[in-house]
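1. sequence and predicted model, in that order:
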Amino acid sequence: MPKVKLPRKSTTVDMTAMCDVAFLLLAFFILATKTKPPEAVTVVTPSSVSTKIAKEDAILVTLNKEGKVYLMLGDKTKKEAILEDINITKALGLTPVELTKLKKMQFYGMPFNKMKSMLQLAEPMEPKNMEGIPVIDSAHNELSDWIGSVVRSYSGESMDNLNLLVKGDNAAKYPAFKLIKDAFKRNDIFKFKVVTNPEGVPPDSELALNPPGAEKK
Amino acid sequence: MAEIDTSSGGGHKKGPGVKKTKKVSTRVDLTPMVDLGFLLITFFVFTTTMSTPTAMAMNEPKDDPNNQLKVKNSGAMTLLLGKENQVYYYFGELSATEASTQFKSSNFKEIRQIILDKKKATPIGDLMYIIKSDKDATFKNAIDILDEMAISAVPPGHYAEVDMSDTEAELIKLTEQANGIK
């Protein structure tokens, strides 16, 4: 029988197309990811197994590692009302110009008695130079007044709309966190959330063996 | 695509004395480049999904001095958070005479098993974990111990954060000195 001669074909594949796809995807992912906004106050959060995503537009209490407390009013619909309320209730005596300046700020971390002098500065103060909202003990807890104004701005609505987050640094001390909780409690807020980094559930733990969704069946 | 036409100039004959230049293929092996591309993609995909912060829900009880929760001695376990990520614990009520044997020290690695053992040994109705944090405990410790509760699937209402008593603070201090924790 005559042998059938198979034509020898090269095994090399043209990689150009694949290379194009790879880098196109790479470019897409780099551009599509939201870069973290530069944090004025650096906080390294602890991790938890919770899977709920933290919402962006929240009333955020930040506790940094030195124990300074800052407030961020992420809910833009309420921000003005909260600040106007705090101006009246704490008798800060801010002029309309100072109030507009205050509304533009992102972080609030000043004692009430220094608020006016800070707003008179030409340059806005860097959050890391602020001294933090004083939460020294239960008698000197200005955060409690802030939260009071926040709660009043939500009056008439369900308290579920109030999205209160605490973002604390790993190295922050527990008493500072306790004073923050006290400030919430004094305003009858018993539900809040803590910002954490996601963490995998340990494989042989109770939670992994009986996930909460499966129990209901 | 990734080739340059090198065949030009092959049509006419070169004169004598003109050296024949060797034709080298300009085709480049793109395999490593593809590898690199996909490696970077996987890297970006993994790092981006990891960084979205999550929220851990916290429900605080209402402080009501007239309505104190009674806890069974057999079902109670008190967890105390100290400095340097140390956890101390004891079961039931701390008695004045046997405090030194009751009071045990542990850390965040071992405490999971101890929590789990207690949970398995106790009827669920009696189970109660009492968490107390020392003034030297960090925010991370406070969150981690609540996370341990979630990991061990302790139902809500079966653990609570309580203020530390002076005796307990003193015991922690003594244990820290004995263990050489500064």
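-> Looks like it came in fine.

2. when you work out contacts or count neighbours from here on, use the C-alpha atoms and nothing else.
-> Noted.

3. where does the chain dip in pLDDT?
-> Reading this off chain A. When residues are selected by pLDDT under 70, those of chain A lie in A:1, A:34-40, A:158-159, A:211-217.

4. wrong one, chain B
-> Across chain B (using pLDDT under 70), the flagged ranges come out as B:1-18, B:48-51, B:63-68, B:96, B:98-100, B:181-182.

5. again, 90 this time
-> For chain B, applying pLDDT under 90 flags the ranges B:1-38, B:40-182.

6. pick out the residue nearest the middle of it.
-> residue B:144 (7.4 Å; C-alpha atoms, centre = their mean).

7. you'd agree it is in a helix?
-> Yes: assessed by DSSP: H, G, I helix; E, B strand; the rest coil, residue B:144 belongs to a helix.

8. now it: closest residue in space, sequence neighbours ignored.
-> residue A:48 (7.0 Å; C-alpha to C-alpha, 6 or more residues apart in numbering or on different chains).

9. tell me how far that neighbour lies from residue A:200.
-> The gap separating residue A:48 from residue A:200 is 8 Å, by C-alpha to C-alpha, to the nearest Å.

10. which one's more surrounded, the two?
-> residue A:48 (26 against 11; other C-alpha atoms under 10 Å in any protein chain shown).

11. which residues does the more buried one contact?
-> A:196-199, B:56, B:143-144, B:147 (C-alpha atoms under 8 Å, 6 or more residues apart in numbering or on different chains).

12. surely residue B:103 and residue B:89 touch.
-> Yes: assessed by C-alpha atoms under 8 Å, residue B:103 is found in contact with residue B:89 at 6.0 Å.

13. more neighbours: the two, which one.
-> Between residue B:103 and residue B:89, residue B:89 has the larger neighbour count (other C-alpha under 10 Å), namely 22 against 18.

14. who does the helix or strand hosting the more buried one touch, helix- and strand-wise?
-> Assessed by DSSP states H and E, residue B:89 sits inside strand B:86-91. Helices and strands touching strand B:86-91, by 3 or more C-alpha pairs under 8 Å, 6 or more residues apart in numbering or on different chains; DSSP states H and E, are strand B:76-81, strand B:104-107.

15. which outside residues touch that strand?
-> B:73-82, B:102-108, B:111, B:172.

16. switch to 6 Å and redo it
-> B:76-81, B:102-107 (C-alpha atoms under 6 Å, 6 or more residues apart in numbering or on different chains).

17. could you pull out the helices in the chain for me?
-> The chain I'm using is chain A. A:16-32, A:76-89, A:96-104, A:112-119, A:142-153, A:174-186, A:206-209, A:212-215 (DSSP state H).

18. actually chain B
-> Going by DSSP H, chain B shows helices at B:31-50, B:99-102, B:111-121, B:139-151, B:166-179.

19. which bits of chain A sit near chain B?
-> Taking C-alpha under 6 Å from any C-alpha of the partner chain as the criterion, chain A approaches chain B at residues A:15, A:19, A:22-23, A:26, A:46, A:48, A:50, A:52-54, A:170-175, A:190-198, A:206-207.

20. in ChimeraX, how would I select the buried members of these?
-> Per 16 or more other C-alpha atoms under 10 Å in any protein chain shown, the buried members of the residues of chain A next to chain B correspond to this ChimeraX selection:
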select /A:15,19,22,23,26,46,48,50,54,170,171,172,173,174,175,191,192,193,194,195,196,197,198,206,207
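
21. how many residues are close by residue A:122?
-> Using other C-alpha under 10 Å, residue A:122 has 7 neighbouring residues.

22. starting at the chain centroid, how far to stretch B:27-42?
-> Taking the mean of its C-alpha atoms, stretch B:27-42 sits 34 Å from the chain's own mean (C-alpha atoms, centre = their mean, to the nearest Å).
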